[in-house]
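Undergrad: Below is the sequence, then the predicted model.
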Amino acid sequence: MRLRDLLVSFGLMWPANALAIDPGETDPAAIMAAVENRDAGDKQVARLQITIKDKAGRERTRVVQSRTLDFEGGTRQLIIFESPADVRNAGLLSVDFEDGSKSDDQWLWLPSLNKTTRISSNDKSGSFMGTDMSYSDMTKKDPSAYAYTMVDANAEVGGEACWLIEAKPITDKEKSETGYMKTHMWVSKDKLLAVQSKAWVIAGKRLKYTKMTDIKQVDGIWIPHKLTVRTTRDGQLESQSILHFTDLKLNQEDVVEADFSEQRLRRGL
Amino acid sequence: MLPLFVLLVGVGLADEDSSDEGGGDDDWGEDDDDAGWGDEGDEAGFGDDDAPPPEVKKAQWWRLGGTVQTDEAWWLNEREGPALARARQTLDLELSASRGPWRAMIEGHGEVDLAILGQEQWDDPTREAHGLLLQPRQVWMSFAAGPLETTVGRQVVAWGEGRLVSVVDVANPKDMRDPGMVDLEDLRLPVTMARASLSVPAGATGSHTFELASILESSFGMRSPPLGPYGSLPGLIESGGLPPDMAALIDMDEVFSSLDVDYRHLQDRWDPAHTGTLGRWTWRGSGVDLSLMGASVLDPQGVFVLPELTEILAASNEGGALTIDIDHRRMTMVGHSGVAQTPGALVRWEVAYKPDMPVNVGQIIDTSTLIPALDLRIDETALVQGVVGLSWSGWGGATLDIDLSKGFLIDPPADLIFPIDAPQWGLRAAKPLLRERLMLDASVLSWGWFGDYGALARVGASYEIANALYASAGAIAYWPGSERGPLMGFDQHDRVFTGLRWDF
């Protein structure tokens, strides 16, 4: 689970000066391969405020801090909860391997238990921190596990030229892990990132709408700082989550290996 | 309890994540149904792109927080006295600070149980243990120098991979006043220690952690007094079996009803001779964690030293007080624990070897003498214990933990009072609903394969009303079992409970 890959998986991060796809390209697989395999930067620190609203409009908020560091073959990430008070200083240390056949490692530190516990990383369709996002939304996708169809090569979102691409999982594993029957992604031709998506959720036949806004460059990389995810069923809004990235920085020299140890996990904020 | 359990399961089955799987590709309704995008500027936030990001206060280097909690419980069985089993009001305060390599924590705990305090049906020791409590909890200071961290003060060190049962978690005393009623996180009580830990990388993603600790305080936790709501002494003595002619003359319930009975730990709290020593090495690698640990500590459970039966009867006649001594002798533990990630679940295990485990032996009531007497002696035995556990998660965040434990005695004494080698198993299932706002859980603990030595079952639900404000409700039932076990006498103890908790 990587907060950075939350951005990557929706095609949200891409070097602004390194567009490798012609805006006239019509091969959806080529476009999505470029989106999935881009350089996403390294040594990231970020703060994330999550607001979860139910259909009655009642809100809950969570604030977390994160640090991310790449290693050969994967990424390490440390997430520490800042609020609410009942989970303050709870931490999650994860090692994500690019090799999809290898299980990720995740350890949870709960101050109330005074214990570091390995947790299972198998259940990827579950909700991430109670939001409308799943753990699967936060991992890189393997393009070979999808059949892509160009729905509209001249779509527009807010006046921005986009490709509208349908991604349909072709393996049972991918379908099971994502929980999606198919996904529509509006990929900006200018920024080469998905600015919105719509997913058909198998469980409960829901629709999940995601919109990325407040898109700014950080060290030359386009990064949306706000994600809004809405889940609907039979046309009715069930819940929505708003994720705000603040203090997001890349290439921070003080992000070092020692940040991703059990000791650092225990020390918290 | 059953209707509540059915209700909870019923809610779970009706949940969003469990229905309508499969089906055709396009039977979600209109494919171009774009209601989910909302309208420009709507409250869903899709149209308010110009809204500034929320102000989030920076974390301070110090923080004062805490928890306010109210817990109520009612007896389900018919029994003498009020139906209110618990009315505990709790306040925990925590002052923490972190600056550079330094960290510090001061915690205080206060509670009053209005169902016990001042209630005449309970004896003085019970009113003291359950009625009113003011205690320091974690009070420590820590300094980190690179990978080496030292912590001095009252702290908690949790060992092992067991989620419901552990045989290597010997560092801290526990609050065992209400078996099955408190959450695991509330069980461990801090104890004064000096601890050092060193973490070093192992390969690309793994780490070694070496930990040494010295326990400076002899603290044995809290347990319900012998005649308290969860005291098992009367059940223990009754299990010894008075001869019929004696039983006709002596009503043990009557004997105990006129007594104030309390426990006394024989070891002094601050005696340097009782210092405990702990050491552990842990390796966390790709897909597997392994630990080796060793400890020389005072037996946290302790063994009973009962007064003579004649003393009990004499004290009862005088309407006085009686003390039951608990002897916490030194014991050694060498252990190993591990957890491995498999495609389906986490597999967890623990093994402990305790070569000098103190045990009670005897017959409780020796009827071979002219005047029956309590015959409870102390001996020691070698014990090997193992735990195997599985943790599964799936189905929309549901979790299932199963732990199974069994002991093996090596050359044991002939007449052990308590079956310390008996199998024990536990099962806990939890299911989040409503975007983790509602959490349902159910658990079972059994001593013996089929509850022969006792069993308990608990169901509960917790609902997050607002940030860090939770309401909870549930029920717990006990079966004392047919053999002598930890729930002796728990035949009128089933309860329903409610709670409200706010963390700030």
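TA: Right, received. Where do you want to start? Numbering: from 1, shown residues only, chains lettered A, B, ... in the order given.

Undergrad: switch to C-alpha atoms for all contacts and neighbour counts from now on
TA: Fine.

Undergrad: buried ones in the helix or strand where B:Tyr353 lies?
TA: Using DSSP states H and E, B:Tyr353 sits within strand B:346-366. Residues B:346-366 are the ones in strand B:346-366 that count as buried (16 or more other C-alpha atoms under 10 Å in any protein chain shown).

Undergrad: chain center to that strand, what's the gap?
TA: The chain centroid and the centroid of strand B:346-366 are separated by 18 Å, computed with C-alpha atoms, centre = their mean, to the nearest Å.

Undergrad: pLDDT on the helix or strand immediately after it in the chain, on average?
TA: In the C-terminal direction, the helix or strand that comes right after strand B:346-366 (DSSP H and E) is strand B:373-394. Strand B:373-394 shows an average pLDDT of 91 in the prediction.

Undergrad: Quick check, B:Thr277 in contact with B:Ser214.
TA: Yes: checked against C-alpha atoms under 8 Å, the pair B:Thr277 and B:Ser214 is within contact range at 4.7 Å.

Undergrad: low-confidence ranges in the chain?
TA: All of this refers to chain A. Counting by pLDDT under 70, chain A shows low-confidence ranges at A:1-20, A:37-40, A:100, A:123, A:139-140, A:269.

Undergrad: hm, I was asking about chain B
TA: Where chain B drops to pLDDT under 70, the residues are B:1-54, B:56, B:181-185, B:238-250, B:366-367, B:369-373.

Undergrad: what do you get if the cut-off is 80, keeping everything else the same?
TA: For chain B, applying pLDDT under 80 flags the ranges B:1-59, B:180-186, B:204-205, B:232-258, B:308-309, B:317, B:319, B:363-375, B:396.

Undergrad: in the stretch 151-269 of chain A, which spans are strands?
TA: Counting by DSSP state E, counting those that start in this stretch, the stretch 151-269 of chain A has strands at residues A:160-169, A:180-188, A:194-201, A:206-218, A:221-233, A:236-249.

Undergrad: and the fifth one, what does it pack onto?
TA: What that stands for is strand A:221-233. strand A:206-218, strand A:236-249 (3 or more C-alpha pairs under 8 Å, 6 or more residues apart in numbering or on different chains; DSSP states H and E).

Undergrad: Out of those strands, the one nearest A:Arg118 is which?
TA: The closest of these to A:Arg118 is strand A:236-249. By C-alpha to C-alpha, the value is 26.3 Å.

Undergrad: circling back: pipe the helices and strands packed on strand A:221-233 into CSV and attach mean neighbour count and distance to B:Gly231 per row.
TA: Shown next, in CSV, are those (neighbours: other C-alpha atoms under 10 Å in any protein chain shown; distance: least, C-alpha to C-alpha, whole Å):
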stretch, mean neighbour count, distance to B:Gly231
strand A:206-218, 21, 52
strand A:236-249, 20, 48
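
Undergrad: Show the residue spans covered by the helices in the chain.
TA: With no chain named, the answer covers chain A. Ranges of helices in chain A, per DSSP state H, are A:3-9, A:28-36, A:172-178, A:262-267.

Undergrad: should've been chain B
TA: B:2-13, B:124-126, B:184-187, B:233-240, B:244-249, B:252-257, B:309-318.

Undergrad: one step back: so which of the helices and strands packed on strand A:221-233 comes closest to A:Arg58?
TA: Judged by C-alpha to C-alpha, the one of these that comes nearest to A:Arg58 is strand A:236-249, at 9.7 Å.

Undergrad: and the closest one, what other elements does it pack with?
TA: Judged by 3+ C-alpha pairs under 8 Å, 6+ apart, strand A:236-249 is in contact with strand A:44-54, strand A:221-233.

Undergrad: highest average neighbour count across the ones you listed?
TA: Most buried of the helices and strands packed on strand A:236-249 by mean neighbour count (mean count of other C-alpha atoms under 10 Å in any protein chain shown) is strand A:221-233; its value is a mean of 23.

Undergrad: Now do that one against strand A:194-201: the angle between them, please.
TA: Our comparison of strand A:221-233 with strand A:194-201, counting by axes from the mean of the first three to the mean of the last three C-alpha atoms, to 10 degrees, yields an angle of 30 degrees.

Undergrad: Dump strand A:221-233 to PDB, keeping only the CA atoms.
TA: Written as PDB, here are the backbone C-alpha positions of strand A:221-233 (Å, rounded to 0.1, in the frame of the first residue of the first chain):
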ATOM      1  CA  ILE A 221       5.900  16.200 -11.800                       C
ATOM      2  CA  TRP A 222       2.200  16.800 -12.100                       C
ATOM      3  CA  ILE A 223       0.500  15.800  -8.900                       C
ATOM      4  CA  PRO A 224      -3.200  16.300  -8.000                       C
ATOM      5  CA  HIS A 225      -3.500  17.400  -4.400                       C
ATOM      6  CA  LYS A 226      -7.100  16.500  -4.000                       C
ATOM      7  CA  LEU A 227      -9.100  13.300  -4.800                       C
ATOM      8  CA  THR A 228     -12.800  13.000  -4.400                       C
ATOM      9  CA  VAL A 229     -14.300   9.500  -4.500                       C
ATOM     10  CA  ARG A 230     -18.000   8.900  -4.500                       C
ATOM     11  CA  THR A 231     -19.800   5.600  -4.300                       C
ATOM     12  CA  THR A 232     -23.300   5.300  -5.600                       C
ATOM     13  CA  ARG A 233     -25.900   2.500  -5.800                       C
END
